[in-house]
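[1] Just a sequence and a predicted model for now, questions to come.
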Amino acid sequence: MADLLIELFSEEIPARMQGRAAADLKKLVTNGLVEAGLTYASAGAFSTPRRLTLSVEGLLDASPDTRVERKGPKVGAPEKALQGFLRGAGLSMDDLEIRDDKKGQVYFASIAKPGRPAADIIAGVMDSTIRNFPWPKSMRWGTGSLRWVRPLHSILCILSREEGAEIVPFDIDGIKSGNVTQGHRFMAPGDITVSSFDDYAQKLKSAFVMLEAQERADHIWNDATNQAFAQGLELVDDKALLAEVAGLVEWPVVLMGAIAEDFFDLPGEVLQTSMREHQKFFSVKNPKTGRIEKFVTVANRETADNGATILAGNQKVLFARLSDAKFFWENDLRIASAGAAPWIESLDHVTFHNKLGSQAARIDRIAALARDIAPTVGADADLSEAAARFAKADLSSEMVYEFPELQGLMGKYYANHAGHPVEVANAATEHYSPLGPGDDVPTAPVSVAVALADKLDTLTGFWAIDEKPTGSKDPFALRRAALGVIRLLLENEVRVPLSDLIGKGLTQLEDKAATEHSAASGNLLAFFHDRLKVYLKDAGIRHDVIDACLAMAGNDDLTLVVKRARALSDLLGTEDGTNLLQGFKRANNILSQAEDKDGVEYSFGADVKWARDDTEIALFNALKTQGKAISTAIEAEDFAAAMGGMAALRAPIDAFFEAVQVNAESDIVRRNRLNLLGQIRKICSEVADLTKVEG
Amino acid sequence: MLDTANTTPRSFQEIILRLQNYWATQGCAVMQPYDMEVGAGTFHPATTLRSLGPKHWAAAYVQPSRRPTDGRYGENPNRLQHYYQYQVLIKPSPANLQELYLGSLRAIGVNMDLHDIRFVEDDWESPTLGAWGLGWEVWCDGMEVSQFTYFQQVGGHDCHPVSGELTYGLERLAMYILGVDHVMDMPFNDPDALIPLSYGDVFKQTEEEYARWNFDVANTDVLLKQFEEAEAECVKILSLEPIDPKTGKRIIMVHPAYDQCIKASHLFNLLDARGVISVTERQAYIGRVRALAKQCADAFILTDAGGHNA
């Protein structure tokens, strides 16, 4: 047994790629080893800004010996064929044995394949791993042709056993493997020779390198939290930033500094965004004031002045950045307080899409749609229109130009300053939601109206100019917009025929869009239905169940469709439900066959007086009772009750099929029974199109 | 070379002189600024064109750069429409380029024991030059002080060998080293000189003049016409037969053509500052300049400097 240590030492690897790269290194190398017959006990991968490291423990010293069998010519085959086989296999007659085969005696060669030493296998695996490494982006450097994420400087590759360590020798584009690495770029420059993973990790730590990203992240988080706590402050959680910062340092040193009071008036989001995006600072909040008053920066080294110079430098950069932000904020507030007219006017000159006109034209459409939608979501029409007209104003602000991720959020502040009611201000932020499957859905009626209007305008617009998503391409995020509409409707239980809204959206585009509206409309509804299926699939509702409900009238009222689908799905999850489905299908099959054969439709006229069997009479009675109950329930959109009614039919239907032959000898009895089946079909079809349900 | 490491320079020009001295010592040809208006040091033919082809190359120079939209009438402490870049291009990129770069920071007085230097991912792309590369922005205590790029493609051509490019934003770097908060307050020459001059003494007035002209006065009809002319001239120059009828020599006029490309690029920047280019037109203009850059690159590799007979 041996332990393998690999380190690929390069110039700084982008932080966002390190974790994935370490995992890829582990996967590629261990897979390669195992494929070649070298099994191992455990493996671990690590990354820092300058290195990817893999430690494999309990590796076989060599791959096991194997034998390969090859079938040769038949005994008695021409000499030429035999000689050819021997030449090909590199064997002589003595190596062959004769075995009985189906067609007689045949020569067999059993060729011994001796195992290969671990070092040979590793060298080969490393060559292909490095040459084929799946970096998201890679580059060449100098005169070489090797690709790596940044120039690769050295490769450490050793096998260590109790008696000592040996270098696994290989050479990739002039880089020779060795047993040497380097410590921290500034704090411990110079070569380090290592003999095992433990030796490596320990020597690196002495050379100011924390090998594990998690250890660096924990160190940063703990130290920053403690420093903040000591001053009665709180560190603002930011996992993504923590992971990124841990990938920018080999030796994290946490420094906390103050934000000048001049900037306390800036919205917290602005401070946080500016500090995070530009400087990768964490925000530190004062719980007493609720303001962000300090920051935490993470340096990559210790210094004789305990970071004083570094902190002062960072503070200076922050001051310049926040001065910019404050300048934008104050300019923006001046415009917002005066009603933001220049912003709204300037949207006239901003193209939304060259076939769909300017942002201003788009806002006119959204405003009109929001007005129309308002009553169905319980919102005030005037407020909804006003909110739609203000919703995109912040796109012209300086702050959003500088920090596009603050769009919407700034809109809320500016709407407040412009004297708009709180509903309008909230809609400025919330109308973008939901942005993803995990994002909260707005519930305030005005926000819902504008959010729906915004997304529907986008969808109808791109549909009208035939820019639909295809395959994996969805450059205008139309799938996300459709999902947004679906979630807004469902989670707010909005009852509206979607076709009407699509129609309104398309009508507004008349000048811009040359496409046939009706075609686009049906098409877009189908797209919504597709997205609905994807969405409900995640909620555990099968696509065929949704199809069964989409086949019903009112299928453009998604809230209704989903109520029905949930109830049906629940029913089919019960034993009664699955058996009822079987009963329905049986009835339907018998009916279809009979109708095909007889050329008539058995849909009415079943009379209990022709019933010949108790189960038949019982079925008549059950259909009468439950049929009424189901109709009433459907009318009241009480789908659970309707499903209950169907479930109650299961026993009488089963008993009927058990006891009765539908195709009776008497034609009258037969026809009566077929018409009885027709009733089952009719009643069930009020609930959903069960023919679409699989199973 | 004067050993200046760990001594703080006293003026803007001293920082430039130290960089010149340092890179000269490292074997670069210290060149002079290109005598045309450009947006960045990369446009200097010593970078754009010389990064193409197989011939080795090492050059360093100051390049005055113009970004009309960044003009703030000399009032913003950090923004200028005319500023200086220090540019280093070495082909092939040496294995110790990061160390050489850090050496240059030491040379201009950055004490490596007290500061936090970081290489933060920043991939470079110039849509107008049809060029891209991978590298970093270099941070000193959280401030971007340089751009560090390994060129992968220029003018649509793969770079073989790869050049390493370093770009220092001189004003910002110097302000940091000299501890100045407003660019106009920065000592241009030695503060104890017979006639001490600040950056503002030299450039405050020109910043005002150009800001006014760039934003409000430049005649856009003339600029548009000049853009078209430069574009046409570039294409025409490159369309001519390589053999000069007068001398009988093979002379491909890449540099004169490339001058027209540079002109078109700057004219586009001016038009942009005047606000007459819409979002959709922007891409089209950038594409037109890129097409010129690409044709120049295509032509350069057919010349001696581009390795045609190598």
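    Yes, it's here.
[2] so what's the closest residue to B:His44 other than its chain neighbours scoring on pLDDT?
    Residue nearest to B:His44 in three dimensions, not counting chain neighbours: B:Tyr34, with 4.4 Å by C-beta to C-beta, 6 or more residues apart in numbering or on different chains. Placement of C-beta: from N, CA and C, glycine included. At B:Tyr34, the pLDDT value in this model is 97.
[3] With B:Ala5 instead?
    In this prediction B:Ala5 is given a pLDDT of 52.
[4] Ok, B:Ala273 next?
    Reading off the confidence values, B:Ala273 has pLDDT 84.
[5] The one 10 residues further on now?
    Here, the pLDDT recorded for B:Gln283 equals 84.
[6] list the contacts for it?
    If a contact means C-beta atoms under 8 Å, 6 or more residues apart in numbering or on different chains, then B:Gln283 has no contacts.
[7] Give me the secondary structure label for it.
    Secondary structure state of B:Gln283, per DSSP: H, G, I helix; E, B strand; the rest coil, is helix.
[8] Likewise for A:Leu4?
    Classified using three-state DSSP, A:Leu4 is strand.
[9] what's the distance between it and A:Asp500?
    From A:Leu4 across to A:Asp500, the span is 67 Å (C-beta to C-beta, to the nearest Å).
[10] Name the residue in these two with the higher neighbour count.
    More neighbours sit around A:Leu4 than around the other of A:Leu4 and A:Asp500, counting by other C-beta atoms under 10 Å in any protein chain shown; the figures are 25 against 14.
[11] Pretty sure that one sits against A:Leu159.
    Yes: using C-beta atoms under 8 Å, A:Leu4 is in contact with A:Leu159, at 5.7 Å.
[12] Mutual contacts of these two, please.
    The contact sets of A:Leu4 and A:Leu159 overlap at A:59, A:118, A:122, A:168 (C-beta under 8 Å, 6+ apart).
[13] all strands in the stretch 101-250 of chain A, in order from the N-terminus.
    Remark: strands of the stretch 101-250 of chain A, listed N- to C-terminal, are A:104-113, A:152-161, A:164-167, A:171-172, A:175-178, A:180-182, A:191-193, A:234-235; assignment by DSSP state E, counting those that start in this stretch.
[14] ok so, going back, for the residue nearest to B:His44, what are phi and psi?
    Torsion angles at B:Tyr34 (phi, psi; degrees, to the nearest 10) stand at phi -70, psi 140.
[15] now that we have the shared contacts of A:Leu4 and A:Leu159, which one has the most neighbours?
    Using other C-beta under 10 Å as the contact criterion, the top neighbour count among the shared contacts of A:Leu4 and A:Leu159 goes to A:Ile122, which has 29 neighbours.
[16] Grab the nearest non-local neighbour of that residue.
    Using C-beta to C-beta, 6+ apart and skipping residues adjacent in sequence, the residue nearest A:Ile122 is A:Val168, 4.9 Å away.
[17] Could you pull up the residues touching that neighbour?
    When contacts are taken as C-beta under 8 Å, 6+ apart, A:Val168 is in contact with A:4, A:118-119, A:122-123, A:126, A:157-159, A:177.
[18] which of the residues you listed sit farthest apart?
    Within the contacts of A:Val168, A:Ala118 and A:Ser177 form the most distant pair, 13.8 Å apart (C-beta to C-beta).
[19] which is the next helix or strand following the lengthiest strand in chain B?
    Among all segments of chain B classified by DSSP state E, the strand with the greatest residue count is strand B:143-154. Towards the C-terminus, the helix or strand next in line after strand B:143-154, according to DSSP states H and E, is strand B:157-158.
[20] now that following strand, how far from the centre of its chain.
    Distance of strand B:157-158 from its chain centroid, counting by C-alpha atoms, centre = their mean, to the nearest Å, is 20 Å.
[21] give me phi/psi at the residue in the stretch 151-300 of chain A that chain B sits nearest to?
    Each residue of the stretch 151-300 of chain A has a distance to chain B, by C-beta to the nearest C-beta, and the smallest belongs to A:Ala299, at 4.3 Å. Dihedral pair for A:Ala299: phi -90, psi 170, per degrees, to the nearest 10.
[22] same question, the one 5 residues further on
    Its backbone dihedrals place A:Ala304 at phi -60, psi -30, with angles given as degrees, to the nearest 10.
[23] where exactly do the helices run in the stretch 151-300 of chain B?
    In the stretch 151-300 of chain B, the segments counted as helices under DSSP state H, counting those that start in this stretch are B:170-178, B:199-212, B:220-239, B:254-273, B:279-300.
[24] The longest strand of chain B packs against which elements?
    Judged by 3 or more C-beta pairs under 8 Å, 6 or more residues apart in numbering or on different chains; DSSP states H and E, the packing partners of strand B:143-154 are helix A:308-337, helix B:97-107, strand B:131-140, strand B:164-169, helix B:170-178.
[25] Can you tell me which of these is packed in deepest?
    Per-residue neighbour counts averaged over each of the helices and strands packed on strand B:143-154 give the maximum for strand B:164-169, namely a mean of 25 (mean count of other C-beta atoms under 10 Å in any protein chain shown).
[26] Extract the CA atoms of it and return them as CSV.
    Extracted C-alpha coordinates of strand B:164-169, given in CSV (Å, rounded to 0.1, in the frame of the first residue of the first chain):
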residue,chain,number,x,y,z
GLY,B,164,2.0,38.9,-21.3
GLU,B,165,0.6,42.4,-21.0
LEU,B,166,0.8,44.7,-18.0
THR,B,167,-1.2,48.0,-17.8
TYR,B,168,-0.8,50.4,-14.9
GLY,B,169,-3.3,53.2,-14.5
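[27] elements contacting it?
    In this structure, strand B:164-169 makes packing contacts with strand B:82-91, helix B:97-107, strand B:143-154, judged by 3+ C-beta pairs under 8 Å, 6+ apart.
[28] So which bits of the stretch 201-350 of chain A are right by chain B?
    Those residues of the stretch 201-350 of chain A that sit near chain B, judged by C-beta under 8 Å from any C-beta of the partner chain, are A:248-249, A:279, A:281, A:297, A:299-301, A:303-305, A:309-310, A:312-314, A:316-318, A:320, A:323, A:349-350.
[29] so what's the residue lying closest to A:Gly247 once chain neighbours are set aside up against?
    Closest residue to A:Gly247 in three dimensions, ignoring its sequence neighbours and counting by C-beta to C-beta, 6+ apart: A:Ala15, at 3.0 Å. For A:Ala15, the contacting residues are A:49, A:243-248, B:120-121, taking C-beta under 8 Å, 6+ apart as the criterion.
[30] Please list the members of these that lie in helices.
    Mapping those onto helices (DSSP state H) picks out A:243-246.
[31] Tabulate the residues you listed (TSV), appending pLDDT and neighbour count.
    Below are those laid out as TSV (pLDDT from 0 to 100; neighbours: other C-beta atoms under 10 Å in any protein chain shown):
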residue	pLDDT	neighbour count
A:Ala243	96	17
A:Glu244	95	19
A:Val245	96	25
A:Ala246	97	27
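[32] Return the member of the residues you listed nearest to A:Asp191.
    The shortest approach to A:Asp191 among the ones in helices among the contacts of A:Ala15 belongs to A:Ala246, at 25.7 Å (C-beta to C-beta).
[33] For the chain, give me the ranges with low pLDDT.
    I went with chain A, as the question did not name one. Segments of chain A classed as low confidence (criterion: pLDDT under 70) are A:510-519, A:521-522.
[34] looking at chain B here, not the other one
    With pLDDT under 70 as the threshold, chain B has low-confidence stretches at B:1-6, B:279-280, B:310.
[35] center of it, which residue is that?
    Centroid-nearest residue in chain B, with C-alpha atoms, centre = their mean: B:Gly41, separated by 0.8 Å.
[36] In this model B:Ala60 seems to touch that residue, though I could be wrong.
    No: with contacts defined as C-beta under 8 Å, B:Gly41 does not count as touching B:Ala60, sitting 10.0 Å away.
[37] so what sits against both of those two?
    Each of B:86-87 lies in contact with both B:Gly41 and B:Ala60 under the rule C-beta under 8 Å, 6+ apart.
[38] The residue in chain B positioned nearest to chain A: what's it in contact with?
    Of chain B, the residue with the smallest distance to chain A, taken as C-beta to the nearest C-beta, is B:Asp141 at 2.7 Å. When contacts are counted by C-beta under 8 Å, 6+ apart, B:Asp141 touches A:309-310, A:312-314, A:316-317, B:115-116.
[39] This completes my enquiry, with thanks.
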